[in-house]
Structure formats: structure tokens, C-alpha cells
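# Quick one, structure for this:
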Amino acid sequence: MSRESAVRLRWIGWAVTPVVPLVFVAGCGTWEKQRAAEIERPATGIARVDLGVRTDRPTPAGEPITVQARDGRLYAVSLIGPDGRLVPGANATGGGSWSSSEPLDYDTEYTLTASAVDAFGLSATRRTSFRTISPDAEMRADTVLPEAGSTVGVGMPITVGFDRPINDPRLRAAVEKRLIVSASTPVEGAWGWVDDDTVRYRPKNYWPVGTKVSVTTSLIGLDFGGGVYGGPGEPVVFDVGDAVVATVDAGAHSMTVSRNGTELRTLAVTTGKPGFTTRSGTKVVLGKQPHVVMDGTTVGIAAGSSDSYRLDVYWATRVTWSGEFVHAAPWSVGAQGRANVSHGCVGMSTENAKWFYDQVKVGDIVTVVNTGNPKTMEPVGNGYGEWNLDWAEWLSMSTTGPATVRPL
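Numbers count the residues shown, from 1 in each chain. Below you'll find the model as predicted:
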């Protein structure tokens, strides 16, 4: 048996023993231990280090830098940028390889140094410097909602909008994997594409009350083609507040409001009259305004027609982009609780509208039932209508499928 064959056999024997931290492996398999096995100590070590980078061309920034050891174990690896910061990484079980664990910066020079030790305690070290790619342009997430530091309702999805369209399913999948959602409470959810440049994250069920959520949108290293690479993105953290849910029964002309499952009040309301029926289904509060001027021409009603209007409206809670609100309608108090006379909004007395306005926040739920009309809330495009899709339907809009959020 040759000397190198004997050494390799001895090395295989070590592989089944408990692994010790890499920093200590130089103390294993020293010459004193090998002498007992009557294997001749070589004059030079046999460990080899493969650095896994090339210096003849720029290195991708998003792919892990991997170092391999042959006929030895790694015991020291450092990947350092120009600012002296050490790029984090981890070694594989057994010490045969090491990989960096975060993307590198673009157009930046790094120094990689790695050392390995063989079964005789003899070490080998390699060092090299390399530079990462320099993009021609960057793809960024230019919109992230909810806003950082906000407290939202249990129905609020996460929205990420990009400054360029993403049509390729392969790239969509890569983007979804980079958009990391973390939460203080385990939640199953999935990303779904609502248009070419917007993706949303919806839990399978409403967010648990009191959950803290973080979403990270960095796309550094992703190659979108044509010299375009993913850009950076800072984490956005928000909180989920109380579960405020309003159920509007158009047939009974009433709205019941609850908080965390406890009923607070039932209010007399009016909803959309024939030809202007309020959309049925689940809607999410998009925003609130203490005063808004509502003009029928903005929703396609001709000026001067019998249905035209221009009104000062107070305590307006928006639930669709097309113009549905829950608001004060003192002009229709006589019909509230008795008939549906609005142009699609949910109207109530000024006192009740102010009370409701004070209870709700962006992300709270307003569900409309018993309209007697097939007109329903759009799942996408008119607000946050995603809750009108069952889980299987929502997953059909995802390229990577369901996932449990990471712990926060």
C-alpha cells in the first residue's frame, strides 16, 4: 500500500468520529498519533485547498463563495472586504468545505484566505483577491407595504412593487425566495403575483393578533439579464394590532363591528341601491380621511344626471380603489336600517361614522353579505381582495408555493 493510500484510509476512519470545531482540528491526527500506526510522516503536507473563485473575470455577488479541502480539513477561512469586515460563513460537517452565507457587494474587491490541515498535522494555506461584478442597472423593490413601524389589521397583505416588470417564471421564483418574511408567531403563507411588477404575501388565514412581522427585500446578486442585477433592500418591520372586523348585512341594513371576537356595536346603515349595488365579499381597509369631496363624475356618473352628486363627506374609510367607502351620510339617515339608497358606499349617521372611523385602521376587515346581487369584490386590482380567493386559488398565483415564515 502506498503512503498516500494509507493516509487516505486513515482519513476515512476519522470521518466517522465525532466532529470537533474547525479551529481545533489541527490538534487531531498529529505525527505522534500517526507514528503509532507506523505510517511514515511525509516531508510536506498533502492537504490541498480549492478557493472556488476566479481572478480572470468578475465574480457573481449573489452566489456563495465556496472553499473545498482535499486530503485535509479546513481550520481557518476568512473572506474580507475593503472595509475590513469579515463576511460570515459556515463550514460543512466534517470540515471539508466552507461557504459564505450572505451576498457580496457589487464592484468590490475581496480577499479570501483558507487553511487546511492533513492527517499528519501539516497545513496548507492559499490566499487570493477577486472582484465582484458591476451591474449596468439594478432591479429594486421601490414599494413595500405596510410602512415600516406601522400597526395594521389582521387582513393586511405584504405588497412589494418593483421598478421593472418580472415576467419570467424562473426569475419570479428566484425573487420570491429572496423576499424573506419573518414573524414572531409561526404563520403559513405564500407570495402571489397580482401583476407583472407587484407581488403580495398573504397568510393562509388572517395574521394572529399581536404578531410582529419583518420583510426583507434585498435582491443583490440576482441576474435579471441584459446587465441588470438585483438591488439592495432594507428590512421593513410592522406590527399586527387587534382584529377589528366589520360585517355589513345589506339585506338587514346593518353593520356589526367586533374586536378580537367580541361584538362592540351593531349600527344602522344603507348600502348600494339597484344599479349601484355594493360589492359583496371581503375587503380590507385601505385608508381613512376625515373629509373628502365625493364627485359622481369620478366614477362614471354623468354630471347633471339624476344620479349625479358632489358632496362633502366626513369620516370616510376607504375599502376599494374604485370609490367604495364606509362614511357619514346624514342625508340618508331616514333610510338607514330600512333601505339601500347609496351609490355603492356604506352610509351611516355622522355619530356612528365617527365611532367606526376611530375603531378601524389600515388592514382591518370589512365583509359585505346578502346584497342579492352577483357583483363581488375583485380578488386583485381594486384594493386588497385576496381574501376572496381560497387557499388553493391563491397558491396558483405563486411560483414557489406555501412556506412558514421564519422566526423573528
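# hey, where'd the helices end up in this protein?
3-15, 31-36, 169-178, 350-359, 391-395 (DSSP state H).
# Can you list the buried residues in the shortest one?
Same thing as helix 391-395. Residues 394-395 are the ones in helix 391-395 that count as buried (16 or more other CB atoms under 10 Å). No exception for glycine: its C-beta is placed from N, CA and C like everyone else's.
# Which elements pack onto it?
For helix 391-395, the packing partners by 3 or more CB pairs under 8 Å, 6 or more residues apart in numbering; DSSP states H and E come out as strand 188-195.
# Excluding sequence neighbours, find me the nearest residue to W387.
Nearest non-adjacent residue to W387, counting by CB to CB, 6 or more residues apart in numbering: T282, 4.2 Å away.
# Is the one you found bridged to anything, and to what?
Under DSSP bridges, the beta-bridge partners of T282 are T367.
# ok, it - contacts?
Counting by CB atoms under 8 Å, 6 or more residues apart in numbering, T282 touches 155, 365-367, 377, 385, 387-388.
# Do I have it right that E324 meets T277?
No. Using CB atoms under 8 Å, E324 is not in contact with T277, being 10.8 Å away.
# who has more neighbours, those two?
E324 (27 against 20; other CB atoms under 10 Å).
# what's the pLDDT at the more buried one?
Looking at E324, its pLDDT stands at 97.
# And it, how far from V360?
Distance of E324 to V360, computed by CB to CB, to the nearest Å: 14 Å.
# and what of V87?
Distance, V87 to V360, using CB to CB: 46 Å.
# neighbour count winner among the two?
Taking other CB under 10 Å, V87 and V360 do not tie; V360 has more neighbours (21 against 18).
# Contact partners for that one?
153, 244, 246, 285, 288, 317.
# Just the ones in strands from these, please.
Per DSSP state E, strands hold the following members of the contacts of V360: 244, 246, 288, 317.
# which pair in those spans the largest distance?
A246 and K288 (13.3 Å; CB to CB).
# Go ahead and confirm G344 touches V319.
No. With contacts counted by CB under 8 Å, G344 stays clear of V319, the gap being 10.4 Å.
# Which one's more surrounded, those two?
Set side by side, G344 and V319 show more neighbours around V319, with 31 against 21, by other CB under 10 Å.
# so where is this protein shaky, pLDDT-wise?
1-39 (pLDDT under 70).
# please redo it, this time with the cut-off set to 80
The chain contains residues with pLDDT under 80 at 1-43, 93-94.
# circling back: for the residue nearest to W387, give its distance to L179.
Distance from T282 to L179, by CB to CB: 24 Å.
# Likewise for S97?
Distance from S97 to L179, by CB to CB: 28 Å.
# Could you do T132 as well?
In this structure, T132 and L179 are 22 Å apart, going by CB to CB.
# Settle it for me: which of those two has more neighbours?
For the pair T132 and L179, the greater number of neighbours falls to T132 (23 against 20), based on other CB under 10 Å.
# Identify the residues contacting the more buried one.
T132 touches 58-61, 104-108, 110, counting by CB under 8 Å, 6+ apart.
# Brilliant, that's me finished.
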